[in-house]
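Trainee: pasting the sequence and the predicted coordinates here, then a few questions.
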Amino acid sequence: MNTIKEIVRDHYKYRRQLMKLAKSDIIKTYKGSALGWSWAIIKPAITLFVYWFAFSVGLKATNNINGYPFFIWLLVGMVPWFYMRDMIIGGAGALRKYSYLVTKIKFPISTIPTFVNISILTINLALHGIMIVIYLISGYGLDLYCLQIPLYFFAMALFFNLWGIFASLLAAVSKDFLNLIKSIILALFWISGIMYDVNKIDITWIKEIMLWNPITIIVNGYRNSLVYKQWFWEAPLELVRLGVMFIIMFALATVIYKKLKKDVPDVL
């Protein structure tokens with residue numbers, strides 16, 4: 001409990017600095033390019049265009065999913081994935097990227113992944129806006145189910161903030177861990193149901209394992225809100241899985257923080 005209180009206290013005490021550092025992180029990330037932070041939108045837009053071209057034009061995947069074109073279904077899953085991908089890597093590398101805050105300024109370690117998270121979330125909010133615009137332009141109106149999007153957004157942000165604390169500490173003491181995360185990110189994309197519906201996998205035990213993947217749960221939540229029109233309480237097993245994975249991530253982040261927080265300044 002003392003560790004939890006310390007993390008919460010540090011976040012509250014440095015809340016203003018976190019917002020300033022998040023803004024600085026965005027500027028630092030895109031500094032030196034003529035288009036600046038626009039690249040945060042351009043790069044995922046290019047990725048989406050490539051997938052649209054490959055599946056809609058090349059492979060001619062024109063089948064509708066619950067009355068929605070495949071591209072809309074894909075878009076709804078890809079937008080949260082862009083955030084999760086960036087946070088999986090960026091959260092893990094947060095302490096190494098901002099090592100000077102730990103070694104020279106003595107900034108609270110637990111808060112560094114948080115302002116990196118805020119930075120990535122801010123950019124992803126713009127992608128959420130673009131997603132909604134495309135959704136509306138395609139002729140689909142917003143309804144009450146869309147009110148679930150902020151809930152899934154908040155759950156996603158909170159879960160991956162815990163991931164950032166956990167992973168950044170491990171990556172700080174072992175660069176191999178960070179390299180491992182970077183190496184498996186493509187595999188995570190393909191096993192998380194971004195490009196296909198995990199619920200339609202025929203092999204039961206594989207499907208059950210994959211449904212415990214937090215990325216899959218979040219993506220399914222977004223699609224339930226915008227495509228399948230399903231309330232979160234109508235999928236109680238998904239809520240249970242998300243709750244269990246959140247508790248596990250919370251426990252891991254707390255334990256690792258308690259064990260490594262004193263070692264990280266010396267290692268960095």
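Mentor: Nice, thanks for sending it over.

Trainee: list the contacts of Ile65.
Mentor: When contacts are counted by Cβ atoms under 8 Å, 6 or more residues apart in numbering, Ile65 touches Trp73, Asp197, Val227. Using the backbone N, CA and C atoms, a C-beta is placed for each residue, glycine as well.

Trainee: of these, which belong to helices?
Mentor: Among the contacts of Ile65, the residues falling in helices (DSSP state H) are Trp73.

Trainee: buried subset of the contacts of Ile65?
Mentor: Trp73, Val227 (16 or more other Cβ atoms under 10 Å).

Trainee: if we take the contacts of Ile65, which one ends up nearest to Ile181?
Mentor: The closest of the contacts of Ile65 to Ile181 turns out to be Asp197 (Cβ to Cβ; 26.1 Å).

Trainee: and that closest one, how far from Leu75?
Mentor: Using Cβ to Cβ, to the nearest Å, Asp197 is found at 15 Å from Leu75.

Trainee: hang on, the earlier thing: turn the contacts of Ile65 into JSON lines, columns for distance to Asp266 and pLDDT.
Mentor: Output for those, formatted as JSON lines (distance: Cβ to Cβ, whole Å; pLDDT from 0 to 100):
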{"residue": "Trp73", "distance to Asp266": "49", "pLDDT": "90"}
{"residue": "Asp197", "distance to Asp266": "47", "pLDDT": "88"}
{"residue": "Val227", "distance to Asp266": "50", "pLDDT": "93"}
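
Trainee: wait, which of the contacts of Ile65 is closest to Tyr257?
Mentor: Asp197 (36.4 Å).

Trainee: which other helices and strands does the strand or helix carrying Thr216 contact?
Mentor: Taking DSSP states H and E as the criterion, Thr216 maps to helix 214-223. With contacts taken as 3 or more Cβ pairs under 8 Å, 6 or more residues apart in numbering; DSSP states H and E, helix 214-223 sits against helix 70-92, helix 148-173, helix 236-260.

Trainee: if you set the cut-off to 10 Å instead, what comes out?
Mentor: Secondary-structure packing of helix 214-223 (3 or more Cβ pairs under 10 Å, 6 or more residues apart in numbering; DSSP states H and E): helix 70-92, helix 148-173, helix 175-191, helix 236-260.

Trainee: tell me the first helix or strand C-terminal of the last one.
Mentor: Counting by DSSP H and E, the next helix or strand C-terminal to helix 236-260 is helix 264-267.

Trainee: average pLDDT across that following helix?
Mentor: What helix 264-267 shows for mean pLDDT is 82.

Trainee: buried stuff in that helix?
Mentor: Quick answer for helix 264-267 (16+ other Cβ under 10 Å): Val264, Val267.

Trainee: and for that helix, what are the contacting residues?
Mentor: Residues from elsewhere that reach helix 264-267 (Cβ atoms under 10 Å, 6 or more residues apart in numbering): 95-96, 99, 102-104, 106, 109, 168-169, 172-175, 257, 260.

Trainee: just the buried ones from those residues?
Mentor: Leu95, Ser99, Val102, Ile109, Ser168, Leu169, Ala172, Val173, Tyr257, Leu260.

Trainee: just the contacts of Ile65 now: which is nearest Trp212?
Mentor: Out of the contacts of Ile65, the member with the shortest distance to Trp212 (by Cβ to Cβ) is Asp197, at 16.0 Å.

Trainee: and the residue nearest to Leu268 when sequence neighbours are not counted, how far is that from Gly93?
Mentor: Nearest residue to Leu268, sequence neighbours excluded (Cβ to Cβ, 6 or more residues apart in numbering): Ser99, at 4.2 Å. According to Cβ to Cβ, Ser99 stands 10 Å off from Gly93.

Trainee: next, show the common contact partners of the two.
Mentor: Ala172.

Trainee: what about the nearest residue to Pro44 once chain neighbours are set aside, how many neighbours?
Mentor: Distance criterion Cβ to Cβ, 6+ apart; nearest residue to Pro44, sequence neighbours excluded, is Phe82 at 4.9 Å. A count of nearby residues for Phe82, using other Cβ atoms under 10 Å, gives 19.

Trainee: also Met156?
Mentor: 24.

Trainee: isn't it right up against Tyr222?
Mentor: Yes - with contacts counted by Cβ atoms under 10 Å, Met156 reaches Tyr222, the gap being 9.0 Å.
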